[in-house]
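# Below is the structure, and that's it, no one-letter string:
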């Protein structure tokens with residue numbers, strides 16, 4: 001009974017009920033007028049046809065187009081109106097302005113990209129291609145002489161960044177999708193309160209949807225009262241609006257402009273396995289030390305300026321080059337962020353570039369496998385080119401409906417030669433990609449529609465860095481602990497279950 005009362009008082013319940021009432025208020029009049037006025041019925045029918053033609057010609061992925069045309073044609077009276085509500089891209093103008101300003105500021109780094117390209121004399125195809133793509137997809141610069149460290153578990157990364165946060169002198173910036181009460185957050189909060197007392201500028205951004213069932217509605221005010229400058233991103237409101245679907249899925253911690261951490265780890269106890277939810281929670285992350293940290297600082301301040309309606313100058317938080325003279329690392333890195341406010345998809349394009357450029361192998365871990373036609377074709381083409389393509393997904397899912405969509409991709413991909421592994425110990429949440437022992441990507445980007453098209457994401461592409469052998473060893477260990485799914489297993493699945501998965505797959509752009 002207590003659980004029911006708690007649910008009825010929750011913000012999530014209030015929002016769901018409010019949205020359902022709005023949908024009823026919108027569609028009941030459409031039903032009424034359509035049944036009684038033939039002119040109105042034909043008007044809605046023609047509107048749906050016009051919208052369907054627009055969908056077919058818009059710049060978007062094929063799967064998304066197929067979904068909307070299917071819905072419009074299946075329920076023509078409601079399909080067009082539904083698309084107008086949920087199908088377009090309606091990003092707040094203020095946020096788009098901040099994005100454009102960030103991209104404009106990135107341009108000052110063009111020289112270092114040009115110098116790097118010139119130094120290779122066009123002989124390093126992989127590096128040249130990725131630099132060009134990153135610059136074209138958001139003006140993201142390439143960096144040398146950055147130290148990198150890979151963490152094969154959430155526990156290891158937590159210990160590392162907690163130590164770094166305790167040493168902060170100037171500022172601590174934290175951005176996370178999920179923030180939940182528990183041992184992890186209690187410990188971090190205690191450190192942050194102490195740092196505020198020491199005069200450190202502490203700022204926190206968490207996604208409102210990612211915390212909707214975890215935090216009280218006024219928790220943001222509580223943290224601000226402690227001196228921790230806090231904003232919840234894109235607050236969930238009881239209104240029918242497309243932008244409610246654009247979530248801040250990024251995870252980053254920046255300390256003093258010297259260190260940055262990113263990966264799959266949110267701030268909740270399951271990520272460090274002090275709380276068990278779906279077996280062993282396997283997560284991974286990375287830290288960098290050096291000039292490349294500034295791209296994370298800029299990315300954080302971009303969202304911060306939008307939330308706070310201020311214009312904190314990036315230069316106030318960026319360090320002069322001389323501060324990094326003692327940092328000596330190997331290879332190259334490209335830190336990047338991804339945003340739904342433009343037509344560029346750097347997260348997806350990073351995956352595609354690595355996949356298309358692979359010669360020997362392409363290995364990737366992802367908690368969700370929800371693919372469009374372009375990515376499926378790229379995976380199969382790589383296999384046809386002799387590349388060893390392996391994808392690791394969870395053995396124990398966190399979202400059963402999404403997991404069924406993941407499984408709907410098994411049969412066709414395995415038949416074409418892609419190897420799919422299920423992580424037997426539990427849930428693998430890390431987003432790690434490795435190609436040919438020299439190119440890797442670690443960050444927040446899943447192989448799914450949300451990461452590729454609708455969420456704010458971030459990550460680091462690494463090339464010939466000192467941590468890549470560690471990444472390879474970790475992935476090899478994951479394969480040893482995982483079950484390689486066979487084509488025969490896929491064929492033995494109940495035909496009704498397979499059909500159910502295929503139906504769900506049509507709606508995958510919404511998941």
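In hand now; what should we look at? Remember, it's a predicted structure, so these values are computed and weren't measured experimentally.
# Show me what residue 361 bridges to in the sheet.
Beta bridges link residue 361 to residue 388 when assigned by DSSP bridges.
# and it, how many residues sit next to it?
The tally of other residues near residue 361 (other Cβ atoms under 10 Å) stands at 17. (C-beta placed from N, C-alpha, C; glycine too.)
# residues touching it, list them.
Going by Cβ atoms under 8 Å, 6 or more residues apart in numbering, residue 361 touches 387, 388, 389, 390, 434, 435, 436.
# Let me know the helix or strand that the fifth one is in.
With elements taken from DSSP states H and E, the one containing residue 434 is strand 432-435.
# C-terminal to that strand, what's the next element?
strand 439-443.
# Show me which of the contacts of residue 361 is closest to residue 482.
Of all those, residue 390 has the smallest distance to residue 482: 9.4 Å, by Cβ to Cβ.
# Next, give phi and psi for the closest one.
With angles defined as degrees, to the nearest 10, residue 390 sits at phi -130, psi 140.
# so it sits right up against residue 478, yeah?
No - counting by Cβ atoms under 8 Å, residue 390 does not reach residue 478; the two are 9.5 Å apart.
# For residue 196, which residues are in contact?
Contact analysis of residue 196 by Cβ under 8 Å, 6+ apart lists 202, 226, 227, 228.
# what about 10 Å?
Contacts for residue 196 (Cβ atoms under 10 Å, 6 or more residues apart in numbering) come out as 172, 202, 226, 227, 228, 229.
# hang on, the second one in a helix?
No - the assignment for residue 202 (DSSP: H, G, I helix; E, B strand; the rest coil) gives strand, which keeps it out of a helix.
# Look up how far residue 496 lies from it.
Applying Cβ to Cβ, to the nearest Å, the value for residue 202 to residue 496 is 54 Å.
# out of those two, which sits in the more crowded spot?
The neighbour comparison of residue 202 against residue 496 (other Cβ under 10 Å) goes to residue 202, with 23 against 8.
# from what I can see that one touches residue 228, true?
Yes - counting by Cβ atoms under 10 Å, residue 202 does reach residue 228; the two are 5.0 Å apart.
# Show me where the stretch 101-250 of the chain dips below the pLDDT cut-off.
Within the stretch 101-250 of the chain, the segments meeting pLDDT under 70 span 101-115, 117-122, 237-244.
# make that the stretch 401-511 of the chain, sorry
Judged by pLDDT under 70, the stretches of the stretch 401-511 of the chain that qualify are 509-511.
# Okay, helices next: where are they in it?
410-415, 449, 468-480, 487-491, 495-506 (DSSP state H, counting those that start in this stretch).
# Same list (those helices) but as a markdown table, adding distance to residue 304.
Formatted as a markdown table, those follow (distance: least, Cβ to Cβ, whole Å):
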| stretch | distance to residue 304 |
| --- | --- |
| helix 410-415 | 40 |
| helix 449 | 27 |
| helix 468-480 | 31 |
| helix 487-491 | 46 |
| helix 495-506 | 37 |
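# just those: most buried one?
Compared across the helices of the stretch 401-511 of the chain, helix 449 shows the largest average neighbour count, a mean of 24 (mean count of other Cβ atoms under 10 Å).
# which secondary structure elements does that one contact?
When contacts are defined as 3 or more Cβ pairs under 10 Å, 6 or more residues apart in numbering; DSSP states H and E, helix 449 packs onto helix 62-74.
# okay, and the common contacts of residue 390 and residue 478?
Joint contacts of residue 390 and residue 478 (Cβ under 10 Å, 6+ apart) are 363, 365, 421.
# Just the buried ones among the residues you listed, please.
When neighbours are counted using 16 or more other Cβ atoms under 10 Å, the shared contacts of residue 390 and residue 478 contain these buried positions: 363, 365, 421.
# Nearest to residue 177 among those residues?
Nearest to residue 177 among those: residue 365, at 17.7 Å, using Cβ to Cβ.
# Quick one: residues contacting that closest one.
Counting by Cβ under 10 Å, 6+ apart, residue 365 touches 264, 282-284, 390-394, 421, 423, 428-434, 446-447, 474-475, 478, 482.
# Residue 382 and residue 355 touch, don't they?
Yes - between residue 382 and residue 355 there is a contact under Cβ under 10 Å: 5.4 Å.
# and those two? which has more neighbours close in?
Per other Cβ under 10 Å, whichever of residue 382 and residue 355 has more neighbours is residue 382, with 23 against 19.
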